[in-house]
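In: below is the sequence, then the predicted model.
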Amino acid sequence: MRAHHHISMDSVTQVYGDRTVFVDLSLVASSGDRLGLIGENGAGKSTLLRLAAGVEEPSDGAVRRPTRTGLLWQELETRPGDTIDHVLERGLAEVRAIERRVEEAGVGLATDHPAAADNYAIALDDAERAGLWTIEQRRDETLRGLGLGHLALDRPVDALSGGQRSRLGLAALLLSRPDALLLDEPTNHLDDEAVAFLRDRLIAWEGPVLFASHDRAFLDEVATGLIDIDPSRGGPRRFGGNYTAYLAEKAAERLRWEAQFVAEAKEERALAATMEETARRGIAPGRGPRDNEKMGYDKKTGTVQRQVARRIRNAGTRLETLRDTRVDAPAPVLDFAGIPSGSHLLEEGDVLTTDGATVAGRLAPLDLGLAHDASLLITGRNGAGKSTLLALLAGRLAPTSGRVHRRKGLRVGLLEQDVRFAEPARSPRSLYERAVGERRAETTPLAGLGLIADRDLDRPVGSLSIGQQRRMALALIIARPPHVFLLDEPTNHLSLALATELEEALGGYPGAVVVASHDRWLRRRWEGAHLRLAPA
């Protein structure tokens with residue numbers, strides 16, 4: 001009989017110096033649960049996994065886990081002289097220990113010890129759960145499934161690429177078959193076939209699985225529930241179902257949030273108007289009192305004044321309470337409304353073309369034409385020339401042969417994969433103001449684009465995370481919107497929410513859009529033209 005395993009966190013708080021990551025976090029992941037961790041970069045996904053694995057202890061609260069809990073690190077730890085086989089065998093250390101216990105328990109059966117049979121049964125159960133009897137078969141299947149099957153087991157790890165090292169670490173963890181599995185961005189460096197292999201393995205996993213991922217298609221296929229680590233609305237929340245169900249719930253939540261904000265704003269205006277009108281009117285105008293009515297009139301006037309004061313006081317109390325408790329305005333959603341469409345380019349024909357354009361060793365000869373409203377997705381394996389083609393279209397790279405033609409006055413913008421700012425000490429606010437001018441920066445503030453948080457506006461841009469720097473680069477392009485918008489792996493380093501917003505916004509971009517991406521979620525939903533590049 002197999003044991004029931006679970007990971008639990010009970011009222012966990014985690015603090016690093018003056019930074020609080022979690023407060024009073026509780027969750028349970030039981031056998032069969034595959035919980036995806038999502039949220040902004042830096043929100044605490046990796047921290048949660050380290051706490052669940054026991055690599056870190058919480059500042060407060062309790063964490064419980066199975067004894068055999070495995071964590072996939074983003075970087076593979078190795079020793080000098082390591083081979084592929086060394087790494088795999090270290091991953092199998094606990095399984096080998098179980099193998100020795102089975103052998104020892106088998107020897108014990110020959111004794112009269114009363115617990116010998118029970119010990120042997122327990123050892124056999126542990127061996128079965130760890131997959132002891134099929135290690136070599138599973139090793140070969142796992143290496144093939146992750147694209148490493150062609151490598152000799154005695155190959156030095158130092159001779160592997162970064163992606164191969166990451167896949168080797170994943171292979172070692174899967175082979176160890178822990179009772180609970182913790183994965184940090186497991187699909188990084190995996191092609192479609194390797195992702196499918198990992199997906200099938202996790203769906204068949206018997207113990208609890210916790211994984212952090214930016215891969216929306218993978219979340220949709222694997223997760224049985226999602227934990228959104230979003231401090232903006234009260235901290236981590238658990239959602240049932242996959243990523244599609246999560247998006248539907250988040251959309252409904254956004255509508256409720258917007259409706260509540262509008263209703264409270266309307267009530268606030270009404271209360272303020274009531275107080276002003278009541279105070280202005282005071283006693284309703286009318287005829288003055290006759291001599292024989294003066295005493296009664298004074299009494300009536302006092303009653304009215306008291307009623308007026310009470311109404312003003314009640315409205316003021318309600319207004320003060322409302323202002324203290326009302327919800328914040330929902331963060332603006334990224335869109336390209338109001339961006340110039342480049343109407344002077346609406347002539348017949350293409351605005352940008354390549355005629356046999358080639359970059360030696362990087363891009364095969366290519367004939368391409370882009371209309372003013374083109375929508376093109378570029379895909380292909382690593383090394384096929386996707387980034388090279390975008391640089392060529394943007395004019396940042398000259399063709400070795402052939403030519404690139406751009407219509408006169410055409411403005412082309414490129415969001416690169418690797419963002420570098422020439423002046424890293426400058427703040428996002430100052431960079432934006434210089435790009436658009438002070439007047440437009442006031443009428444269309446940077447924070448209103450939904451890309452940079454208020455708290456980051458005046459920090460040195462070089463101190464921002466990779467994802468935040470990509471957001472800033474995107475903001476500067478939007479500040480002077482191009483007629484042809486080129487995006488190289490636009491969803492890399494962006495939160496899931498922003499990646500989804502960007503894709504939806506691109507659908508309404510009033511110009512040509514060219515996207516190079518390996519993102520399966522984006523590829524499956526793309527409705528424009530598709531160009532697949534073959535290696536040069």
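Out: Perfect, I can see it now. Numbers count the residues shown, from 1 in each chain.
In: name the element residue 88 belongs to?
Out: helix 84-91 (DSSP states H and E).
In: tell me the first helix or strand C-terminal of that helix.
Out: Taking DSSP H and E, what comes next after helix 84-91 is helix 93-108.
In: and the angle from the following helix or strand past that next one to helix 93-108?
Out: Sequence-wise, the next helix or strand downstream of helix 93-108 (DSSP H and E) is helix 116-129. In terms of direction (axes from the mean of the first three to the mean of the last three C-alpha atoms, to 10 degrees), helix 116-129 departs from helix 93-108 by 150 degrees.
In: buried residues in helix 116-129, which are they?
Out: Neighbour counts over helix 116-129 (16 or more other C-beta atoms under 10 Å) mark 116, 119-120, 123-124, 126-127, 129 as buried. Any C-beta I mention is one placed from the backbone N, CA and C, and that applies to glycine too.
In: now render these as CSV, adding pLDDT and distance to residue 532.
Out: Shown next, in CSV, are the buried residues of helix 116-129 (pLDDT from 0 to 100; distance: C-beta to C-beta, whole Å):
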residue, pLDDT, distance to residue 532
116, 85, 63
119, 86, 58
120, 88, 57
123, 87, 53
124, 89, 51
126, 85, 48
127, 86, 47
129, 80, 43
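In: nearest to residue 186, of the residues you listed?
Out: The shortest approach to residue 186 among the buried residues of helix 116-129 belongs to residue 129, at 21.4 Å (C-beta to C-beta).
In: pLDDT weak spots in this structure?
Out: Low-confidence segments of the chain (pLDDT under 70): 1-4, 74, 231-235, 281-304, 337-348.
In: just the buried residues of helix 116-129 now: which is nearest residue 467?
Out: residue 129 (38.8 Å).
In: can you report how many residues lie near the nearest residue to residue 435 once chain neighbours are set aside?
Out: Once flanking residues are discounted, residue 435 sits nearest to residue 479: 4.6 Å by C-beta to C-beta, 6 or more residues apart in numbering. Residue 479 has 20 neighbours, counted by other C-beta atoms under 10 Å.
In: assumed residue 35 was part of a strand.
Out: Yes. Applying DSSP: H, G, I helix; E, B strand; the rest coil, one finds residue 35 inside a strand.
In: you'd agree it is up against residue 29?
Out: Yes. Between residue 35 and residue 29 there is a contact under C-beta atoms under 8 Å: 5.2 Å.
In: more neighbours, these two?
Out: Set residue 35 next to residue 29 and count neighbours by other C-beta under 10 Å: residue 29 wins out with 25 against 22.
In: can you list the domains in the protein?
Out: Split into domains by automatic domain parsing, the chain comes to 1-67+179-241, 77-175, 263-325, 343-532.
In: can you put these in TSV and add distance to residue 248?
Out: TSV is the format used below for the domains of the chain (distance: least, C-beta to C-beta, whole Å):
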stretch	distance to residue 248
domain 1-67+179-241	9
domain 77-175	31
domain 263-325	23
domain 343-532	12
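In: distance of residue 357 from residue 307?
Out: 82 Å (C-beta to C-beta, to the nearest Å).
In: just residue 81 next, same as before
Out: With distances taken as C-beta to C-beta, residue 81 is found 90 Å from residue 307.
In: more crowded one of those two?
Out: residue 307 (12 against 9).
In: part of a strand, is the more buried one?
Out: No. Residue 307: not assigned to a strand; according to three-state DSSP it is helix.
In: how close does it sit to residue 314?
Out: Taking C-beta to C-beta, one finds residue 307 at 11 Å from residue 314.
In: next one: residue 79
Out: Going from residue 79 to residue 314 by C-beta to C-beta gives 74 Å.
In: residue 273 now?
Out: Relative to residue 314, and taking C-beta to C-beta, residue 273 is found at 15 Å.
In: next: residue 182.
Out: Distance from residue 182 to residue 314, by C-beta to C-beta: 55 Å.
In: for those two, indicate the residue with more neighbours.
Out: residue 182 (28 against 13).
In: tell me what the more buried one is bridged to.
Out: Beta-bridge partners of residue 182, counted by DSSP bridges, are residue 71, residue 210.
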